[in-house]
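Undergrad: Predicted model follows, preceded by the sequence.
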Amino acid sequence: MADLSCSLAGIKSPNPFWVASGPPANTAYQAHRAFEAGWGGVVWKTIGAPIVNVASRYSALHHGPQRMIGFNNIELISDRSPEANFREIAEVKRRWPHHAVVASLMVETREQWHEFVRRSIDAGADGIELNYGCPHGMCERGMGSAVGQQPAVAERITTWVKEAATIPVIVKLTPNITDITAAARAARRGGADALSLINTLNSITNVDLDTFVPEPRVGNRSAHGGYCGPAVKPIALHMVQACAADPEVALPISGIGGVATWRDAAEFIALGATNVQVCTAIMHYGFRLAADLTEGLSDYLDAKGLPSLAALRGRAVPSLQKWEHLDLHFRRVAQIDYDRCIGCNLCYIACEDGAHQCIDLRTPEELGVGLGPGRIPHKPLPQVRAADCVGCNLCSLVCPVEDCITMTEVAPGGAPLTWSDYQERLARGEIAPLPPHP
């Protein structure tokens, strides 16, 4: 069985699944429930000067029957006193000495940072996470993403924290920035031991078209919020990989953003994360999710013959390159499995109207295929013109039947040639200009 234990900058946990700083990590009661359910660590809901929240606080983006593909919140940091939070951190750590308990902090002055760091250490926290990412409420007060969006400020505050810290310091980055690596490099210069990313994105999920007030509604007003959940995973993966691939960052990463399944976690780890944090999926499905995550990831590692998380970590990082380094002559074309095709012809419509017009409609008789599952006699079926297929993948993406349309690699259109190589050889007169697509 694969070893799921991990160490993020020296913070050890029995598995890579941590409860992210947020509503599920607000109290000792929740931390106990999380560890009983199998989570490896908890990052406490951000501690600072207690705030007053509003009602309501959450909204969501739904898609068809799928609830909460995107989740928006205007909830702020902990509304509980620092005394209560640090007392409960100590209680949880005493009961769960082999699990990770991390204090998330957000204060203003150098003196306050020193004070809250010392209180975290005294409570027995394994590490400290600096919240430089909250995009609403706190940023208007000069904290949260107001810090994360200014690398020089993030570097300075991280330096303040390291003056007092004797335990690992994790800097949590905001995605509401042009270049995430600029903030990551600043965190390293300030002495950070690790990074966590991403925090939430600025968002408005929907507008009530009767009242013209966006959700979540507070009286007759609303505010932009922090967006998270499955919909942000592609952005999070991009930013994790960018930091993992940057030699000037070179810090361990705790991946956050849309993790809901073991596959999500495996993708984050393959792109360079040491562990992952989960919040929205817990709010949707509960702490019981831990059992599925650990079992699924363990089975995957076993199936791949990987003995530990370290064997998976970063394996996908080198495959991400700039577009100019991709092979212009590589070819894939769509192939349709008529034993699976139901004749919905969504691929034809997508290709005809939204892509490259390389799918035709033919009768089953013309194609020499039987009726197949759910097909209507004489209703036309799609046929790919392989010679004209540009391999864009759209047909396979819209097809509602698993593995009905596959993208198959075919003989390349020539020797490997990247755009970068092409430009250099063209300038030297070694190659003719590539012909445009007809």
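TA: Now that the structure is in, tell me what you want to look at. Here the structure is a predicted model, which means the values were calculated and not measured.

Undergrad: Every contact and neighbour count from this point should use C-alpha atoms.
TA: Noted.

Undergrad: Show me what the longest helix anywhere in the chain packs onto, helices and strands only.
TA: Longest helix in the chain, counting residues (DSSP state H): helix 289-304. Judged by 3 or more C-alpha pairs under 8 Å, 6 or more residues apart in numbering; DSSP states H and E, helix 289-304 is in contact with strand 17-19, helix 262-270.

Undergrad: And the shortest one, what does it pack against?
TA: It stands for strand 17-19. strand 41-43, strand 275-278, helix 289-304.

Undergrad: list the buried ones in the next helix or strand after the second one?
TA: Next in sequence after strand 275-278, counting helices and strands by DSSP states H and E, comes helix 280-285. Burial within helix 280-285, assessed by neighbour count using 16 or more other C-alpha atoms under 10 Å, is assigned to 280, 281, 282.

Undergrad: Okay, helices next: where are they in the stretch 101-250 of the chain?
TA: For the stretch 101-250 of the chain, helices defined by DSSP state H, counting those that start in this stretch occupy the ranges 110-122, 145-148, 151-164, 180-189, 233-245.

Undergrad: so where is the stretch 101-250 of the chain shaky, pLDDT-wise?
TA: 133-146, 148 (pLDDT under 70).

Undergrad: Now mean pLDDT, distance to residue 64 and mean neighbour count too, for the helices and strands packed on strand 17-19, in a markdown table please.
TA: Putting the helices and strands packed on strand 17-19 into a markdown table (pLDDT from 0 to 100; distance: least, C-alpha to C-alpha, whole Å; neighbours: other C-alpha atoms under 10 Å) gives the following:
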| stretch | mean pLDDT | distance to residue 64 | mean neighbour count |
| --- | --- | --- | --- |
| strand 41-43 | 98 | 33 | 29 |
| strand 275-278 | 98 | 24 | 28 |
| helix 289-304 | 98 | 23 | 17 |
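
Undergrad: Make CSV out of the ones you listed and add distance to residue 221.
TA: As requested, the helices and strands packed on strand 17-19 are exported to CSV (distance: least, C-alpha to C-alpha, whole Å):
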stretch, distance to residue 221
strand 41-43, 31
strand 275-278, 30
helix 289-304, 35
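
Undergrad: Go through the buried residues of helix 280-285 and name the one nearest residue 203.
TA: Residue 203 lies nearest to residue 280 out of these, by C-alpha to C-alpha, at 15.4 Å.

Undergrad: give the contact list for the closest one.
TA: If you count contacts by C-alpha atoms under 8 Å, 6 or more residues apart in numbering, residue 280 has them with 71, 228, 229, 258.

Undergrad: Mind checking which of those residues are buried?
TA: Those of the contacts of residue 280 that meet the buried threshold are 71, 228, 229, 258, by 16+ other C-alpha under 10 Å.

Undergrad: Using JSON lines, lay out those residues together with distance to residue 110.
TA: Output for those, formatted as JSON lines (distance: C-alpha to C-alpha, whole Å):
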{"residue": "71", "distance to residue 110": "33"}
{"residue": "228", "distance to residue 110": "30"}
{"residue": "229", "distance to residue 110": "33"}
{"residue": "258", "distance to residue 110": "33"}
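
Undergrad: Out of those, name the ones that lie in strands.
TA: 71, 228 (DSSP state E).

Undergrad: how does this protein divide into domains?
TA: Annotated domains of the chain cover 6-312, 323-427 [automatic domain parsing].

Undergrad: export these to JSON lines and tack on distance to residue 435?
TA: Converted to JSON lines, these look like this (distance: least, C-alpha to C-alpha, whole Å):
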{"stretch": "domain 6-312", "distance to residue 435": "33"}
{"stretch": "domain 323-427", "distance to residue 435": "12"}
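
Undergrad: from memory residue 6 sits against residue 273, does it?
TA: No: between residue 6 and residue 273 there is no contact under C-alpha atoms under 8 Å: 11.0 Å.

Undergrad: Quick one: closest of the helices and strands packed on strand 17-19 to residue 316.
TA: Across these, residue 316 has its closest neighbour in helix 289-304 (14.4 Å, C-alpha to C-alpha).

Undergrad: Residue 168 is in contact with residue 126, correct?
TA: Yes: with contact defined as C-alpha under 8 Å, residue 126 and residue 168 form a contacting pair (7.3 Å).

Undergrad: Are there residues contacting both of the two? Which ones?
TA: Counting by C-alpha under 8 Å, 6+ apart, the residues touching both residue 126 and residue 168 are residue 11.
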